[in-house]
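Asker: test case, fold it:
(2 chains)
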Amino acid sequence: MATDVLGARIKRVEDPRFITGKGRYLDDIKLAGMTYMSILRSPYAHANIRSIDTAAARAMPGVVLVLVGADIPYNPLPMAWPAGGVAGIRNNINTPRVLATDSVKWTGEGVAAVIAETVAQAVDALEAIVVEWEPLPVVVDAEKATQPGAPQLHENAPNNVVFEWTVGDKAGTDAALEAAPVIVRQRIVNQRLIPNPMEVRGDIGVYNPGTDEYTIWMSSQTPHIQRLLLSAFVMGIPEHKIRCISPDIGGAFGTKIFCYADMALCLFASKALNGRPVKWVETRRENYQSTIHGRDHITYLEIAGTREGEITGLRVKTYANLGGRLSTIGPGIPTTLYGRVLSGCYRIPNVYCEVTGVYTNTTFVDAYRGAGRPEATYVIERAMDLFADEIGLDPAELRRRNFIAPDKFPYDNPSGLGTASNGEKIYIDSGNYEPAMDMALATAGYASIDKAKADARARGKYLGIGLSTYIEVCGVAPSKWIGAVGEGWGAAMWESANLKIHLTGKVVLTMGTQPQGQGHETTYAQIVSSELGIPMDDIIVQHSDTQGTPFGYGSYGSRTASVGGTAAVKAAGKIREKARQYAAHMLEAAVDDIEVVGAEYRVKGSPEKMKTLQEVVFALDLGFSLPAGMEPYLDETAYYDTPNCTWPFGTHVAIVEIDEETGKVDLVRYVAVDDVGKKINPMIVDGQLHGGIAQGVGQALWEGAVYGDDGQLLSGSMLDYAVPRASWFPNFELGETVTPSPVNPLGVKGVGEAGAIASTAAVANAVIDALSPFGIRHLDMPYTAPKVWRAMHDKEARS
Amino acid sequence: MTEQVRLTVNGVAHEITVEPRQLLVHALREDLGLTGTHVGCDTSQCGACTVQLNGAAVKSCTVLAVQVDGGSITTIEGMAPEGGLHALQNAFWEKHGLQCGFCTPGMIMAAADLLAGNPDPTDDEIRHGIEGNLCRCTGYQNIVAAIREAGSTLRAGAPVPAGAQD
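Answerer: Numbering: from 1, shown residues only, chains lettered A, B, ... in the order given. Predicted coordinates:
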């Protein structure tokens, strides 16, 4: 039974509702007496608010409430992950208020809200609000913002610096670079992205005047965390008086992790309306302006080594644009999730990284699929290609010579995953990088690529091939490590599972994690089915509601299978053990004599003496006859804190062709060999890889958020931002190696982000390879046709 | 000012009162409660709101409700035969052609239109045929596989299994 279910390509149990139009996303929920909120957003990127006149708006048809910042107690949103935590790093923190009061720092910051009987009435009334603005000078570029004379955003942040964070051995790295025969330097830009889940965000707030309790439906990846943040940090409401519910989530990719002003606004407004429900759903344009963006790094990299291809040092300076105010964990992304994994899968003895977090007049930046790790992978994988080019060595061979060898695990990486003050370590626990690379190269035809390039030239194309040999840290992270490093607000990162078997033998698994399309209702059921020998059809997986689910930290960081999945395994183990004890009672045998085979509890040596789990459950849940000390019912909760992160790895190979006439880049083949450990449902794993690869390719070739110098978001709608379409991709060719994770009983690692982490660098390296006949060794993304054409024709356009 | 609009949706006749500026998608979702048709953008780019109007796929965010007076509309809720699934629905399930499911109704409606005009499309024709519909989860690969599979099922005229499990 177990082996049949776990690891099987089982169709998803959540799909019937989605394919028939019966999913229930936030905007599908309609409550009696519901009102609708619309938010007035700043048209300026930087301005003081002199006055706001809402009198005319209040008189508009259907308007029931108008709010400005002064109506709401001063409660800035929380900053949950300052850079470096207690390690002595100063963070100059400014977070958004529920509505801006004195000034705005980006186009799209909320300044007023109208609540009306219909959406249209609310939108109409917004236009009647008069704001007197005092526009201020604007800066949108993170590097420029730190220069003398740049417009200043916040009094407590001189030169717009949020923090200056470092990791690694500066003296050792400086010395290694000094001594190295070869050093390559490059400025690279990892451009800002707009995440674009297909469902935008929204909330429905309901205050109950009878009980003084609040309920909020929210399109959130983290309902439990939001309850904590809204209660303890924003609203001042006791935690037990808020209930957070996430309905079906139409994609998230990180954007729905965070605590947003609109959540508090809906709750505040519902209370002001004596309990009428208040619904807010952002428009796509609002999503582009006021839901988080991703990436946006300017990096100076220096990579050093020998002519024989031994990398001896990596020194990196990064300006990380965090926007006009900080999102919930903005500073954590370009620091711990970036600097600490910069050396990737390579044995680089000296690594040093400085990151300056910067305020600019742009939308806040936070975790977008991969969150820091795609940026790190882009740096090291571009650096490896630059170094290979410099010494005239094949890029695959350079990687091979510098891989951490399979016998070197656990591996302490020098860029500082390392050891916390209490001695707790994060280390790369496993890996075997060469077989994955060999498989990918063989599949892609790497050995005969010169012929392919020649053939392409005959067709008027420049063909290029690029590698990305990535590792990913996921399943973050041991709570004891996070606590000791002091990164975060004291958050732990464990997960929880409650498992009940009811009288009729039907199973309810209740989780603290939160799906957004990953198929948790299927994969968790596979785990429970495998552990207990119960058919999938008899198991239901519940989640998403703080009332009735155990506290959990939610789903992001590719952590659900490894941390949440293990919590489910542990809960099932507790159930099995109690059932075994009760079976012994029923069979009048010693507990040690009971063996469990699937759903049968047998007396060893007398297989005819046995009880099925159903028989055990029925009697135990009734509790007519219980052994001394045993409580009735099969209902067990488990909490699981992982001893380490998990470490997926792999090699992705992209092949592109560039049209010599137009500069248009076509991705013609994409080969991915990933080692994500064991797979609960390989069909779902493949799907995660497809989607992640597509998003990463999107960054390399098409996507980019663009601000004008005045801070206007020029890529402000789906007309202007290139969300990739079906015809832009080839079929991705997936392969695998399987190195089970040693840290959890399932042997799983995580796959939600792997594709996005690896693919951007692979495609970038392929494009630069294709452009190498032009003497081009670097070009910043995205590789749109005009940019590539210019680089092919204009030396000045090249880096 | 409001207008009366008569329309048939999934075979059922309705008469609704709408503002002239009301979009068809909002009439379907708010007035008729058919929330399977989704709104994913505000510029007619994403296709999540795709329905069939008089037999052809349209983005219902780009049609005013008053424009469809007398028209016949099929939404995702009207695709399945009683107690079963449409070949496209089944193929999306079989081939893992969806993850979050938000684009799926529009994608299925667009694919139905594609297969009606081209019952045996190549992968390339499928990829171009669904260009008006965005998906951010799947990288499109399994959507293409699902549409190919559904085309094959429909060409064979095979009965569609009703909610068949593996």
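Asker: residue contacts, the closest residue to residue B:143 other than its chain neighbours?
Answerer: Residue nearest to residue B:143 in three dimensions, not counting chain neighbours: residue B:97, with 4.6 Å by Cβ to Cβ, 6 or more residues apart in numbering or on different chains. All C-beta spots, glycine's among them, are computed from the backbone N, C-alpha and C. Going by Cβ atoms under 8 Å, 6 or more residues apart in numbering or on different chains, residue B:97 touches B:91, B:104, B:107, B:138, B:142, B:143, B:145, B:146, B:147.
Asker: also residue A:445?
Answerer: Residues in contact with residue A:445 (Cβ under 8 Å, 6+ apart) are residue A:452.
Asker: can you check residue A:567 too?
Answerer: Residue A:567 makes contact with A:494, A:495, A:496, A:497, A:511, A:512, A:638, A:639, A:640, according to Cβ under 8 Å, 6+ apart.
Asker: report the secondary structure state of it.
Answerer: At residue A:567 the chain is in helix, as set by DSSP: H, G, I helix; E, B strand; the rest coil.
Asker: measure it to chain B for me?
Answerer: 23 Å (Cβ to the nearest Cβ, to the nearest Å).
Asker: kindly provide the distance from that residue to residue A:10.
Answerer: Between residue A:567 and residue A:10 the distance is 21 Å, computed by Cβ to Cβ, to the nearest Å.
Asker: which helix in chain B has the most residues?
Answerer: Longest helix in chain B by number of residues (criterion: DSSP state H): helix B:141-156.
Asker: contacting residues around it?
Answerer: The contact list for helix B:141-156 (Cβ under 8 Å, 6+ apart) reads A:686-687, A:690, A:726, A:729, A:731-732, B:87-88, B:90-92, B:94-98, B:107, B:111, B:114-115, B:119-121, B:123, B:126-127, B:129-130, B:135, B:160.
Asker: quick one on the thing from earlier: and the contacts of residue B:97, which of them are buried?
Answerer: Neighbour counting with 16 or more other Cβ atoms under 10 Å in any protein chain shown marks B:91, B:104, B:107, B:138, B:142, B:143, B:145, B:146, B:147 as buried within the contacts of residue B:97.
Asker: can you list the residues you listed in JSON lines and add pLDDT?
Answerer: Formatted as JSON lines, these follow (pLDDT from 0 to 100):
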{"residue": "B:91", "pLDDT": "98"}
{"residue": "B:104", "pLDDT": "98"}
{"residue": "B:107", "pLDDT": "98"}
{"residue": "B:138", "pLDDT": "98"}
{"residue": "B:142", "pLDDT": "98"}
{"residue": "B:143", "pLDDT": "98"}
{"residue": "B:145", "pLDDT": "98"}
{"residue": "B:146", "pLDDT": "98"}
{"residue": "B:147", "pLDDT": "98"}
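Asker: report the two of the residues you listed separated the most.
Answerer: For the buried ones among the contacts of residue B:97, the farthest-apart pair by Cβ to Cβ is B:104 and B:145; their separation is 14.2 Å.
Asker: residue contacts, residue A:133?
Answerer: Counted by Cβ under 8 Å, 6+ apart, residue A:133 has contacts A:43, A:44, A:47, A:48, A:49, A:50.
Asker: of all the residues you listed, which comes closest to residue A:187?
Answerer: Of all those, residue A:187 sits closest to residue A:44, with 30.4 Å by Cβ to Cβ.
Asker: need the three-state assignment for the closest one.
Answerer: coil.
Asker: so what pLDDT did the nearest residue to it once chain neighbours are set aside get?
Answerer: Leaving aside its sequence neighbours, residue A:44 sits nearest to residue A:135 (Cβ to Cβ, 6+ apart; 5.3 Å). At residue A:135, the pLDDT value in this model is 98.
Asker: and for the one 5 residues further on?
Answerer: On the pLDDT scale, residue A:140 is placed at 98.
Asker: give the contact list for the residue lying closest to it once chain neighbours are set aside.
Answerer: Nearest residue to residue A:140, sequence neighbours excluded (Cβ to Cβ, 6+ apart): residue A:707, at 4.3 Å. Residue A:707 makes contacts with A:45, A:140, A:362, A:713, A:714, as judged by Cβ under 8 Å, 6+ apart.
Asker: check which helix or strand residue 39 maps to.
Answerer: Here I'm looking at chain A. Using DSSP states H and E, residue A:39 sits in strand A:35-41.
Asker: just the buried residues of that strand, please?
Answerer: Neighbour-count burial for strand A:35-41 [16+ other Cβ under 10 Å]: A:35, A:36, A:37, A:38, A:39, A:40, A:41.
Asker: now the closest residue to residue A:292 other than its chain neighbours: how far from chain B?
Answerer: The shortest distance from residue A:292 to any non-neighbouring residue, by Cβ to Cβ, 6+ apart, is to residue A:366 (4.1 Å). Look at residue A:366 and chain B: by Cβ to the nearest Cβ, they are 17 Å apart.
Asker: burial of residue 59, as a residue count?
Answerer: Since no chain was named, I'll use chain A. Each residue near residue A:59 was counted by other Cβ atoms under 10 Å in any protein chain shown, and the total is 11.
Asker: my bad, the chain I had in mind was chain B
Answerer: Residue B:59: 24 neighbours (other Cβ under 10 Å).
Asker: before we move on, back to that, can the contacts of residue B:97 go into CSV with extra columns for distance to residue A:439?
Answerer: Formatted as CSV, the contacts of residue B:97 follow (distance: Cβ to Cβ, whole Å):
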residue, distance to residue A:439
B:91, 30
B:104, 33
B:107, 33
B:138, 24
B:142, 22
B:143, 27
B:145, 23
B:146, 28
B:147, 30
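Asker: what's the closest of those to residue A:79?
Answerer: Nearest member of the contacts of residue B:97 to residue A:79, counting by Cβ to Cβ, is residue B:138, at 34.5 Å.
Asker: now do the contacts for the closest one.
Answerer: Taking Cβ under 8 Å, 6+ apart, we find residue B:138 in contact with A:687, A:690, A:691, A:694, B:96, B:97, B:98, B:99.
Asker: which residues does the last one contact?
Answerer: Meaning residue B:99. Residues near residue B:99 by Cβ under 8 Å, 6+ apart: A:251, A:517, A:518, A:519, A:687, A:688, A:691, B:137, B:138.
Asker: ramachandran coordinates for the fourth one?
Answerer: Dihedral pair for residue A:519: phi 80, psi 30, per degrees, to the nearest 10.
Asker: separation between the spatially most central residue of chain B and residue B:87?
Answerer: Nearest residue to the geometric centre of chain B (Cα atoms, centre = their mean): residue B:109, 2.4 Å. Relative to residue B:87, residue B:109 is positioned 14 Å away (Cβ to Cβ).
Asker: where does chain B get nearest to chain A, which residue?
Answerer: residue B:36 (1.9 Å; Cβ to the nearest Cβ).
Asker: what residues are up against the closest residue in space to residue A:194 that isn't next to it in sequence?
Answerer: Residue nearest to residue A:194 in three dimensions, not counting chain neighbours: residue A:705, with 5.1 Å by Cβ to Cβ, 6+ apart. Residue A:705 is in contact with A:191, A:192, A:193, A:194, A:288, A:293, A:296, A:363, A:713, A:715, A:721, counting by Cβ under 8 Å, 6+ apart.
Asker: quick check, residue A:705 in a helix?
Answerer: No - assigned with three-state DSSP, residue A:705 falls outside any helix and is coil.
Asker: residue A:380 in helix, strand or coil?
Answerer: With three-state DSSP as the basis, residue A:380 sits in helix.
Asker: what is the burial count for the spatially closest residue to it that is not a sequence neighbour?
Answerer: Distances taken as Cβ to Cβ, 6+ apart put residue A:344 closest to residue A:380, at 4.3 Å, once the chain neighbours are dropped. Counted with other Cβ under 10 Å, the neighbours of residue A:344 add up to 30.
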